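> Model the following, please.
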Amino acid sequence: MIRLLAPKSAPSRRLAASFASNVNVNVNANVGRSGRCNNPRGLHTVSLQLDYYMSPQFAGVARAVTDGLYERAGIDLEFLPICPVGLEMRRVRDKSDASSSSSSVTIGSVEQNIFIPTLCDDPGLGVRAVAANFRRSPLCLASLASSSSSSAHDDVGKKVVVGAHDDTVSLIERILSSGPDAERYAVISSPRATKIADLKSGAVNSIQAYTTTEVPTLERQLDGSNYDEDDTAVVRVDMLEGMNGAKLGYSQVLFAPEEDLVGDRRDVVRAFLDATFRGWETAIRDNEGAARSVDECRAKLGLDDENNDHWEGSFSYTVQNVGLCCDAVKETFQGDRLGVIDAERWNEATEWLLDGKSPPGGGGGGSGSGGGEGKGDFGADTSGVWQPSSKLLAGNELARKTLEGAKESAEKFRNAHGRKPSLAVITVGELARYTHAEKRMRYFSNGDLSWFSKTSAGEANGFDVKEINLPESATTETILSAIYAHSDVDAFQLMWPLPDHVDAAACYNAIDVSKDADGAHYVGQLELDPNGVEAPTPPVTPAAAVELLDDYGVDVSNRAVLVVGRSRIVGSPLARMLTGRGAIVTLAHSETSADMLRSLAGNADVVVSCAGVPGLVDAGWLKDGAVALSVGTTFVEEEDALLSDFGGGKDLADSPASRFSPVPGGIGPLSLPLLLRNVVRCARSRMERTGDVEATWTEKSGALERTFHFKDYDAALAFANGVNEMSAGMDHHANMTFGHRCVDGVDVTLSYFTYEANRITGKDYDAAKAVNAIAATVS
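Alright, predicted model coming up:
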């Protein structure tokens, strides 16, 4: 049963006659009737305080309502009236204090950047964050910029007026005041109802907005009328998260009174969260259905749209908003569930939000929650009411942090060198594992961090990524031409497998080791130089498996490890990596007999399957305490699901394994972040290798060329002799020509080109760098 409680007084935000006095409205689609409803026997009441009216940011709740998930979980859900901004936590506390039922709970939603300061100022609220809908705050500054301008504020010396909500003015002032142009900004309180109109009219230069709501509204409204006829109005978005070091943390945090996190009420809270995030799972797979659920709940609850200009009433707009919110929700997935709060991320944001204040009473936890003293976990539930099992080797949060690190590194590289790190991805034909790429990205990821959308992921994280797709019929020469044509990039990824008619060795050898972002040369480099000072770049997927083991402290030294799968990009290099860490590795494959595989798996301390064959390894074969890594995954259309190589009679959760990586959410999320991290590594290596070559030499007719001028032939010959001596040592000689300029001296032009590779290589850059050093010593 779903009910709306009537407010004791009108809320401050207009809801267009949204609450009829003393009327409870049932909006459960399965029940199909409305009117006053009493709590049926056996149902536990959950009172829900939203921090905004029913909208796409609560699509998971709406879908759970219309699908009857709450009722099936034994929950009688009632919605508390919308309250003034910032009072959500007080309303939850008051409702809980007024409740006389031992099985009723109260849950609210609010941003972490509101939750933490409010709880610090009023610790008596006694509430704890248990989950979150969004991992990152969608809060941003939106402004209008023309297509011919990189900034919306080109008038030097003029104040940039930022319109913000009353409750956010101080926060935005703090963020902007920490930047280099702090004096340029003036933050003012701006009416919520007219902020887009104020921006378009020029009353303000920028507005507080959310990427999930006002930004798409603004984009839909713009028609180019704001600028000259030859110009186009575009929306510029500057995220507040990360700006000048700001850490806003989670958005749409779900919190409960600490007394509701013990005993039977704790189980009710968990049941509510389970139903809510199952609702989000359905919304992610069906944006249109979730949009209809939002509209249905809004209508049955009597919650009309606010009277403002930043919402559009069309159904397509609701669908778009739901999709944007679903992308944000997917980022909270950890282990086996959505909505997980990572303690490290929570604490980093809390420290920033407290701004030097010490929280009263110490950290999180609360009654029965096991909290400690200090800032650590302040305001967060530490009892694990909505945390994945400790058996899971979950990779999502590690992947996000790795990606954030790669993004920061890319930004530093751009600041230092004036360009982004660059990657060329060459794919030949249709790869089988990409058959369901669109579904895999929609269900489990989004364009900013998906292996299946490298161009958009690169753009979102500060990289230039070019994806070159060649037909299945492409010849070796065609692939080589594509590689040579993109010699200006920092890194390459040539996707495996290549068609049988292609000379794969020739294609991969055409990629310079220094530009190999996906470890194509890894095994070969180890064979050539097993004791090299700098380890070669490993392929990203096996590297992800090792990184996950490291993150969870799984030591493979002197342990029996079974690797199932022998591909050149995963199984074989992974076996080499684990051997290098002291593991005793056995390599099996998809053609190994079931009896042999059972025997090998039953004796291994660690089993890593990378075959890509669902159910190849029966989870029941594992010995007690084993660790299982699922690298191989397969999307099965009939089940509309991503399946692991582990299966058979037991699920890994019920197997003898002590720890295992889930599917999805184990190895897969790490691949893209590690690839981009490798691209930065390649870009830095290139700049270190080339030094000032790119600034002083030019590419001409496929070769590196530079002309040096000397006052006379003596100086020119001294230079030439120095170059000749250096070239003999490198076994790499330049084409050299002399140009006599009479009284004006002599020009010496050098050209470098690697004949064997039919292109410029790292060897040419090394030689050019050495030539520059020689020229600096010749007067």
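
> which residues of the stretch 351-500 of the chain score low on pLDDT?
Counting by pLDDT under 70, the ranges of the stretch 351-500 of the chain that qualify are 361-375.

> Show me the strands in it, by range?
Along the stretch 351-500 of the chain, the stretches classed as strands by DSSP state E, counting those that start in this stretch are 422-428, 464-470, 491-494.

> cool, the stretch 101-250 of the chain as well?
So, for the stretch 101-250 of the chain - with DSSP E, counting those that start in this stretch - the strands run 105-110, 127-134, 139-146, 160-164, 185-189, 206-210, 233-239.

> can you give me the end-to-end distance of stretch 560-578?
Using CA to CA, to the nearest Å, the end-to-end distance of stretch 560-578 comes to 10 Å.

> What residues of that stretch count as buried?
By 16 or more other CB atoms under 10 Å, the buried positions in stretch 560-578 come out as 560-578. Any C-beta I mention is one placed from the backbone N, CA and C, and that applies to glycine too.

> that older thread, mind checking the strands of the stretch 351-500 of the chain for the one nearest to residue 757?
Closest of the strands of the stretch 351-500 of the chain to residue 757 is strand 491-494, at 13.3 Å (criterion: CB to CB).

> packing partners for that closest one?
On a contact count with 3 or more CB pairs under 8 Å, 6 or more residues apart in numbering; DSSP states H and E, strand 491-494 meets strand 422-428, helix 476-485, helix 671-690.

> mind saving the C-alpha coords of the shortest one as CSV?
If I follow you right, that is strand 422-428. The C-alpha trace of strand 422-428 is given here as CSV (Å, rounded to 0.1, in the frame of the first residue of the first chain):
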residue,chain,number,x,y,z
SER,A,422,45.8,10.7,-27.6
LEU,A,423,44.8,7.2,-28.5
ALA,A,424,43.9,5.4,-31.8
VAL,A,425,41.7,2.3,-31.5
ILE,A,426,41.7,0.2,-34.6
THR,A,427,39.0,-2.5,-35.0
VAL,A,428,38.8,-4.9,-37.9
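
> Tell me how many other residues surround the residue nearest to residue 195 when sequence neighbours are not counted.
Leaving aside its sequence neighbours, residue 195 sits nearest to residue 207 (CB to CB, 6 or more residues apart in numbering; 4.7 Å). Neighbour count of residue 207, defined by other CB atoms under 10 Å: 26.

> and if you look at residue 737?
Count around residue 737 with other CB under 10 Å applied: 11.

> show me the residues around it that make contact.
By CB atoms under 8 Å, 6 or more residues apart in numbering, residue 737 lies in contact with 748, 749.

> before we move on, the earlier item: between the helices and strands packed on strand 491-494, which one is closest to residue 493.
Using CB to CB, the nearest of these to residue 493 is strand 422-428, at 4.7 Å.

> Which other helices and strands does that closest one contact?
For strand 422-428, the packing partners by 3+ CB pairs under 8 Å, 6+ apart are helix 454-460, strand 464-470, helix 476-485, strand 491-494, helix 671-690.

> Of all these, which one comes closest to residue 415?
With CB to CB, the closest approach to residue 415 among those belongs to helix 671-690: 12.7 Å.

> Mind listing what's buried along that closest one?
Buried-residue list, helix 671-690, by 16+ other CB under 10 Å: 671-687, 690.

> same check, this time on stretch 590-598
590, 592, 597, 598.

> Neighbours of residue 698, how many?
Neighbours of residue 698 (other CB under 10 Å): 10.

> Then the one 10 residues further on?
Residue crowding around residue 708 was assessed by other CB under 10 Å; the count is 20.

> same question, residue 294
26.

> just residue 506 next, same as before
Counted with other CB under 10 Å, residue 506 comes out at 12.

> list the contacts for it?
476, 480.

> For it, pull up the helix or strand it's in.
For residue 506, the element it lies in under DSSP states H and E is helix 504-509.

> now could you export just the CA positions of that helix as CSV?
Only the C-alpha atoms of helix 504-509 are listed here, as CSV (Å, rounded to 0.1, in the frame of the first residue of the first chain):
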residue,chain,number,x,y,z
ALA,A,504,48.8,-10.3,-37.3
ALA,A,505,52.5,-10.3,-36.4
ALA,A,506,53.2,-7.6,-39.0
CYS,A,507,50.4,-5.4,-37.8
TYR,A,508,51.2,-5.6,-34.1
ASN,A,509,54.9,-5.1,-34.8
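
> how far is that helix from where the chain is centred?
Centroid separation for helix 504-509 versus its chain: 32 Å, with CA atoms, centre = their mean, to the nearest Å.

> now swap in stretch 385-399 and tell me
Per CA atoms, centre = their mean, the centroid offset for stretch 385-399 relative to its chain is 16 Å.

> That one: which residues count as buried?
For stretch 385-399, a neighbour-count test (16+ other CB under 10 Å) marks 385-388, 391-399 as buried.

> how about JSON lines for those, with distance to residue 460 added?
Shown next, in JSON lines, are the buried residues of stretch 385-399 (distance: CB to CB, whole Å):
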{"residue": "385", "distance to residue 460": "32"}
{"residue": "386", "distance to residue 460": "28"}
{"residue": "387", "distance to residue 460": "28"}
{"residue": "388", "distance to residue 460": "26"}
{"residue": "391", "distance to residue 460": "33"}
{"residue": "392", "distance to residue 460": "27"}
{"residue": "393", "distance to residue 460": "27"}
{"residue": "394", "distance to residue 460": "23"}
{"residue": "395", "distance to residue 460": "19"}
{"residue": "396", "distance to residue 460": "17"}
{"residue": "397", "distance to residue 460": "18"}
{"residue": "398", "distance to residue 460": "19"}
{"residue": "399", "distance to residue 460": "14"}
